[in-house]
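> my questions concern the predicted model and sequence given below.
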Amino acid sequence: MPEIAILANGDRRLPACVRVAAARATGAGGRGCTPGRGAIPGGPRPPGAGSPGPAPAASARAPRRSGTALIAALWVVLMLAMMVGSFAFHAHVEARLTSYYRNRAKAEYIARSGLEYAEMIMDLTGRKPIPLPANPADPAPGYASNLVERGYLSVAIPIGEGVAHLQILPEPAKRNVNLLSEEPDFYGREDWERIFELTGVPDAMWPELIDQFYDWIDPDRNSRYDGAESEAQYDDYCHAVGMAEKTRADKARSAKNAPLDTVGELLLIPAFSDAILNGGDLNTGLPGDPTVRVSGVKDLLTTYGDGKVNVNAAAPRVLMTLSDVDSNLVERIVEQREYEAFKDVADVTRRVPGLSPQAVKFMDTASRIYEVVSVGEAAGVRKGLRCVVEYAGQGKRGRILQWHEDDGIVRELR
């Protein structure tokens, strides 16, 4: 029987009759074949033997190809590509950040080197005469001469792999806000009135601004007519002008009764606004013309110095705030100092006739306190430092009175 089963299911090369007989012998059924026809019903038919019947059950079928494996493979490739792309992106970002912070660190140290260089220049200015350089390529003595002659210095100094953009500006080139005088000039104006007139602040606002300022810095607790000393007076003023609660929170609760430490401290006084300090659109609260454009007082003021102005370095706007000084005298001062720096106050009065004794009293031609701005740059990245330094004399390190660093210094670089 096993041999018959093999014949029934085995080699296709056997004649169909033999395979059918074997199938019947094993109980698989089937029909006989006619000699010479070579086929059985349901099996393959010879060519030209009529219409073919259905394919035999045991015939081989072509394998059906499924796309599931291909789709899965594509998804795997896609996920791998996304993972590789994400890794490459993060690696690129990390590399850029690392490069940025490395260059930022370089820029900071270059800026600090610029401050040291500035101190060396200031030390050279204290030597009379300024010594010639040991190395002809050393520009420091020349920078010191420029600082003495022009009153300020602005240079770019190569340091290492970057550049230090250096500015040395005498603080006495501005008015000391704590020493502004209430003494009227020939036209009856006080220092603050001349400053407000120059910056465009409406005169109707002057009394409150001036009285609140002097109440802030004087040591007593007695308020002036338009001033304020106590918390209740501050609250009454803020309520009267309709000051928003958010703005009110940024103001002081009462007067300091001490000099200003920085010019920005003016914003703590209720009557002073950001527009008055930095310039911009000033909301006056006055009927008819509630908004005016003002230029701001910040560039005119400092909290350092003895109250005298270095006329060799002061901007024309600062000179205009001096008593009895008009635009013609300012033009004459600027013209003369560009020709040759003033040696002393007597030289100023000799070369600029028409200056009143009140104006000369607040003039000087030298400085011992400087604002030093140093911006280090490395591979396009900048870091700024600003400090106020008091020059301590030849061979001595300067005393740092104020230190400040942020990105705004880079934008303010003149």
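Received, thanks.
> pLDDT below threshold where in the stretch 51-200 of the chain?
51-66 (pLDDT under 70).
> quick one, helices of the stretch 1-150 of the chain?
For the stretch 1-150 of the chain, applying DSSP state H, counting those that start in this stretch gives helices covering 2-9, 16-25, 68-125, 140-150.
> would you reformat the ones you listed as a markdown table and include mean neighbour count and distance to C238?
Every residue, glycine included, has its C-beta placed from N, CA and C. Output for these, formatted as a markdown table (neighbours: other Cβ atoms under 10 Å; distance: least, Cβ to Cβ, whole Å):
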| stretch | mean neighbour count | distance to C238 |
| --- | --- | --- |
| helix 2-9 | 14 | 107 |
| helix 16-25 | 18 | 112 |
| helix 68-125 | 14 | 41 |
| helix 140-150 | 18 | 45 |
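> among those helices, which comes closest to D215?
For D215, the closest of the helices of the stretch 1-150 of the chain is helix 68-125, at 37.4 Å, according to Cβ to Cβ.
> got the angle between the closest one and helix 140-150?
Inter-element angle recorded for helix 68-125 and helix 140-150: 70 degrees (by axes from the mean of the first three to the mean of the last three Cα atoms, to 10 degrees).
> so which residues of the stretch 201-350 of the chain form helices?
Under the criterion DSSP H, counting those that start in this stretch, helices of the stretch 201-350 of the chain are mapped to 206-217, 231-240, 245-249, 274-278, 316-319, 327-339, 345-351.
> by mean pLDDT, show me the worst of those.
Per-stretch mean pLDDT for the helices of the stretch 201-350 of the chain is lowest at helix 245-249 (a mean of 85).
> list the buried residues in that one.
Neighbour counts over helix 245-249 (16 or more other Cβ atoms under 10 Å) mark no residue as buried.
> quick one: contacts of that helix?
Residues outside helix 245-249 that contact it (Cβ atoms under 8 Å, 6 or more residues apart in numbering): 238, 270.
> leaving out chain neighbours, which residue sits closest to R399?
Nearest residue to R399 in three dimensions, chain neighbours excluded: E390, at 4.5 Å (Cβ to Cβ, 6 or more residues apart in numbering).
> the one you found and I369 touch, don't they?
Yes: between E390 and I369 there is a contact under Cβ atoms under 8 Å: 5.0 Å.
> who has more neighbours, these two?
The residue with more neighbours, out of E390 and I369, is I369; 19 against 15, by other Cβ atoms under 10 Å.
> L319 versus the more buried one, what's the distance?
Between I369 and L319 the distance is 19 Å, computed by Cβ to Cβ, to the nearest Å.
> kindly report the same for P290.
Applying Cβ to Cβ, the value for P290 to L319 is 32 Å.
> next one: E245
Note on E245: its distance to L319, by Cβ to Cβ, is 41 Å.
> same check on T68?
Applying Cβ to Cβ, the value for T68 to L319 is 87 Å.
> same question, M79
72 Å.
> how about the contacts made by T349?
Residues near T349 by Cβ under 8 Å, 6+ apart: 355, 360.
> one more pass at 10 Å, please.
Neighbouring residues of T349 by Cβ atoms under 10 Å, 6 or more residues apart in numbering: 342, 355, 357, 359-360, 363.
> just the buried members of the residues you listed?
Buried, going by 16+ other Cβ under 10 Å: 342, 355, 359-360, 363, out of the contacts of T349.
> let me know the closest of those residues to G114.
Using Cβ to Cβ, the buried ones among the contacts of T349 come closest to G114 at F342, 28.2 Å.
> got a list of what the closest one touches?
Applying Cβ under 10 Å, 6+ apart, the residues near F342 are 149, 151, 310-312, 333, 336, 348-352, 363-366.
> likewise for P270?
Contact analysis of P270 by Cβ under 10 Å, 6+ apart lists 208-209, 212, 216, 228, 233-238, 241, 243, 247-248, 250-252.
> which of those are buried?
Among the contacts of P270, those classed as buried by neighbour count (16+ other Cβ under 10 Å) are 208-209, 212, 216, 228, 233-235, 237-238, 243, 251.
> pull the most distant pair out of those residues.
Once Cβ to Cβ is applied, those give L209 and D235 as the farthest pair, at 18.4 Å.
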